[in-house]
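*Asks:* What would the 3D arrangement of this be:
(2 chains)
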There are 2 protein chains.
Amino acid sequence: MHILVTGAAGMIGRKLAARLVKDGQLNGQKIDRLTLIDVAAPEKPAGFSGVVEVSTSDLSSAGAATRAIAGKPDVIFHLAGVVSGEAETDFEKGYRVNLDGTRALLEAIRAADYRPKVVFTSSIAVFGAPFPQSIPDEFHLTPLTSYGTQKSICELLLADYNRRSILDGIGIRLPTICVRPGKPNKAASGFFSGIIREPLAGQEALLPVSDSVRHTHASPRAAVGFLIHAAGLTREQLGPRINLAMPGVSCTVGEQIDALRRVAGDKVVARIRRAPDELVQRIVSGWAERLDAKRARDLGFKAEATFDDIIRAHVEDELGGKIAN
Amino acid sequence: MHILVTGAAGMIGRKLAARLVKDGQLNGQKIDRLTLIDVAAPEKPAGFSGVVEVSTSDLSSAGAATRAIAGKPDVIFHLAGVVSGEAETDFEKGYRVNLDGTRALLEAIRAADYRPKVVFTSSIAVFGAPFPQSIPDEFHLTPLTSYGTQKSICELLLADYNRRSILDGIGIRLPTICVRPGKPNKAASGFFSGIIREPLAGQEALLPVSDSVRHTHASPRAAVGFLIHAAGLTREQLGPRINLAMPGVSCTVGEQIDALRRVAGDKVVARIRRAPDELVQRIVSGWAERLDAKRARDLGFKAEATFDDIIRAHVEDELGGKIAN
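*Replies:* Numbers count the residues shown, from 1 in each chain, chains lettered A, B, ... in the order given. Here you go, the predicted structure:
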């Protein structure tokens, strides 16, 4: 089996590549070839017995998508994209990369005249407030950002190409990925990870919103699990509605902190400093708090059961099991 | 006021142009300039005191959209598009005209750096079965045709350009327009008009589906009314959800026939011949039967109250008040 990962240098892309190498198979078939592309050079994952190709490529530039699928990969994990904040500040880049890049990939597949499985990472940013208490699977697409708009459009394109049997597609709407490893960033959502990651590493973290803010989270490990599971679902299992919200842990910031206390103790929690920021509070108030994700659960997608589990996954996967006391 | 109508040679486009000329004003402002474009040359409406420009133009061809808005029209009625059947059989043309053409128009507006009102004709084809008994305003976008996909994508683009204040947009999802004047066509929906239009003109009409089939209709006159009303709504009235389903008369084919009997008598109804067609029956069974259209009604959009009114509008507007007995 030949697998292509776009956006392979990103956080999820790297973890997905590592997981594929570790598993050595996908859907019961041996992986013998792995193509990893991104706008920045992806690393070659260690320990893979098959062929790995890595390349620097922007799918929205002429010919890039055709080259990317020249080897007719059986499964394409399409993760490439400009993130939310950048798509909002750079209108043209967002549309070029997130919309035109994806469309170029789909069109290249149509021209190549073969039918790969395409797993597309969408986002709960396809939804926009006002929301019901819990967002049902039938809730309409009302993105309030250009990023969410671009993801919604790609979902619609993917569904149409799927309906026409040009490809076997699935779009998975990821909740906020938490705990994100690495340095703090300026994303408005950054604090959801920061208030866990920094204290566990012995550092102070700022909390810009009130403890009552509710949001839905899944770990990077769960996100990779969603991708792998999505690749194994058949057209028959999915039916025509191929874009679906992934499950996650819906909890308040206060509950996140309680979980941190249970997992790591009071001393770690004491490293969270409340620093209310009205702008962040306002942005976050427009985000989805809770999703039914009933279809995804029925189809076997699994997220963590509790935020405690999300923290433990971070400690295991990123901290070698060690908490800074 | 300067008004641009794209798709001006189409059935609704011609009726809209005639109505604008008749009214002489829009939103209380005198219309002094009218630009009518289409891929086929639009006719100059008679009796207009201002300047009328007509031109043959395909918005998806290079530079066409920029030329179309060079005069900075205050209001743009964007009706241009490839119809449902053609978008399904000609994949590339559908995406080029319906998606790329619309995007070119939006991008031309962004580049021109002014803020027109853009009224976009979408369609209830943005929805796909399975449906609830009546489709609520919050129902998700699940088109089952390339046409519906293209309309959905344009709605999302329009909403994002609106949110960024590049334009003041509104997308109106038209129900099936009935009674369409003119010759019978091969559209699967053609019989909804045919079983009224042909008998009223003294001709036989074939009915390919059972009397129990339910669907939602609005007259061409009502559709023009929606467009005019849409142009008068403010950003504040609309809020962020600028794409909305229009009201219509939801009735069964049997109820359509009963209405025809009330308006035109048994002799006219006798010209309907039942000729079941499994393919048409199957296609139609995937269509929306009923829509809440609550938001549209609350915003003052008005459709006919009964199918009798729809038939009467046709007799008045197309037949000079005369029924062939």
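*Asks:* is the helix or strand bottoming out on mean pLDDT in chain A anywhere near chain B?
*Replies:* Every helix and strand of chain A was ranked by mean pLDDT, DSSP states H and E. The lowest is helix A:278-284, at a mean of 87. No: Helix A:278-284 lies out of reach of chain B by C-beta under 8 Å from any C-beta of the partner chain, never closer than 14.2 Å. Glycine gets a C-beta too; all of them are placed from N, C-alpha and C.
*Asks:* which strands and helices sit next to that helix?
*Replies:* Contact partners of helix A:278-284 among helices and strands, from 3 or more C-beta pairs under 8 Å, 6 or more residues apart in numbering or on different chains; DSSP states H and E: none.
*Asks:* In that helix, which residues are buried?
*Replies:* A:Val280, A:Ile283, A:Val284 (16 or more other C-beta atoms under 10 Å in any protein chain shown).
*Asks:* downstream neighbour of that helix in the secondary structure list?
*Replies:* Once the chain leaves helix A:278-284, the next helix or strand it forms, by DSSP states H and E, is helix A:294-298.
*Asks:* Please name the nearest non-neighbouring residue to A:Ala40.
*Replies:* Leaving aside its chain neighbours, A:Ala40 sits nearest to A:Ala9 (4.7 Å; criterion: C-beta to C-beta, 6 or more residues apart in numbering or on different chains).
*Asks:* what about the one you found, helix or strand, and which?
*Replies:* Per DSSP H and E, there is no helix or strand for A:Ala9.
*Asks:* wait, what's in contact with it?
*Replies:* Under the criterion of C-beta atoms under 8 Å, 6 or more residues apart in numbering or on different chains, the neighbours of A:Ala9 are A:Leu36, A:Asp38, A:Val39, A:Ala40, A:Ala41, A:Pro42, A:Glu43.
*Asks:* swap in A:Leu167?
*Replies:* Counting by C-beta under 8 Å, 6+ apart, A:Leu167 has contacts A:Leu106, A:Ile109, A:Arg115, A:Pro116, A:Lys117, A:Val118, A:Leu158, A:Tyr161.
*Asks:* Secondary structure element holding A:Leu34?
*Replies:* Assigned by DSSP H and E, A:Leu34 falls in strand A:33-38.
*Asks:* taking the mean pLDDT, what do you get for that strand?
*Replies:* Mean per-residue pLDDT for strand A:33-38: 98.
*Asks:* again with stretch A:162-172
*Replies:* For stretch A:162-172, the per-residue pLDDT averages 98.
*Asks:* same check, this time on stretch A:251-269
*Replies:* The model assigns stretch A:251-269 a mean pLDDT of 98.
*Asks:* List the buried residues for that stretch?
*Replies:* A:251-253, A:255-260, A:263-264, A:268-269.
*Asks:* Can I get that stretch in CSV, CA atoms only?
*Replies:* Provided in CSV are the C-alpha atoms of stretch A:251-269 (Å, rounded to 0.1, in the frame of the first residue of the first chain):
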residue,chain,number,x,y,z
CYS,A,251,-15.5,20.4,29.5
THR,A,252,-15.0,23.8,31.1
VAL,A,253,-11.7,25.5,31.8
GLY,A,254,-12.5,24.9,35.5
GLU,A,255,-12.9,21.2,34.8
GLN,A,256,-9.6,21.2,32.8
ILE,A,257,-7.9,22.6,35.9
ASP,A,258,-9.6,20.1,38.2
ALA,A,259,-8.3,17.3,35.9
LEU,A,260,-4.8,18.7,36.0
ARG,A,261,-5.0,18.8,39.8
ARG,A,262,-6.0,15.1,39.9
VAL,A,263,-3.3,14.1,37.5
ALA,A,264,-0.4,16.3,38.7
GLY,A,265,-1.3,17.9,42.0
ASP,A,266,-1.8,21.3,43.5
LYS,A,267,1.8,22.5,43.0
VAL,A,268,1.4,22.2,39.2
VAL,A,269,-2.0,23.8,39.2
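*Asks:* if we can go back for a sec, what's the strand holding A:Leu34 in contact with?
*Replies:* For strand A:33-38, contacts defined as C-beta under 8 Å, 6+ apart pick out A:1-10, A:13, A:17, A:20-21, A:42, A:44-45, A:48, A:50-57, A:59, A:68, A:71, A:73, A:80.
*Asks:* For those residues, which ChimeraX command selects only the ones that are buried?
*Replies:* In ChimeraX syntax, the buried subset of those is picked out as below (16+ other C-beta under 10 Å):
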select /A:1,2,3,4,5,6,7,8,9,10,13,17,20,21,42,45,48,52,54,57,59,68,73,80
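*Asks:* C-terminal to the longest helix along chain A, what's the next element?
*Replies:* In chain A, taking DSSP state H as the definition, the longest helix is helix A:146-163. Toward the C-terminus, helix A:146-163 is succeeded by strand A:168-174 as the next helix or strand (DSSP H and E).
*Asks:* Output that following strand as PDB - backbone C-alpha positions only.
*Replies:* Extracted in PDB, the C-alpha atoms of strand A:168-174 (Å, rounded to 0.1, in the frame of the first residue of the first chain):
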ATOM      1  CA  ASP A 168     -13.700   7.700  -1.800                       C
ATOM      2  CA  GLY A 169     -13.700  10.700   0.500                       C
ATOM      3  CA  ILE A 170     -14.200  11.400   4.100                       C
ATOM      4  CA  GLY A 171     -13.900  14.800   5.900                       C
ATOM      5  CA  ILE A 172     -13.300  14.700   9.600                       C
ATOM      6  CA  ARG A 173     -14.000  17.800  11.600                       C
ATOM      7  CA  LEU A 174     -11.400  17.900  14.300                       C
END
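*Asks:* Beyond that strand, next helix or strand please.
*Replies:* strand A:176-177.
*Asks:* any idea how far that following strand is from the chain center?
*Replies:* Distance, stretch centre to chain centre, for strand A:176-177: 7 Å (C-alpha atoms, centre = their mean, to the nearest Å).
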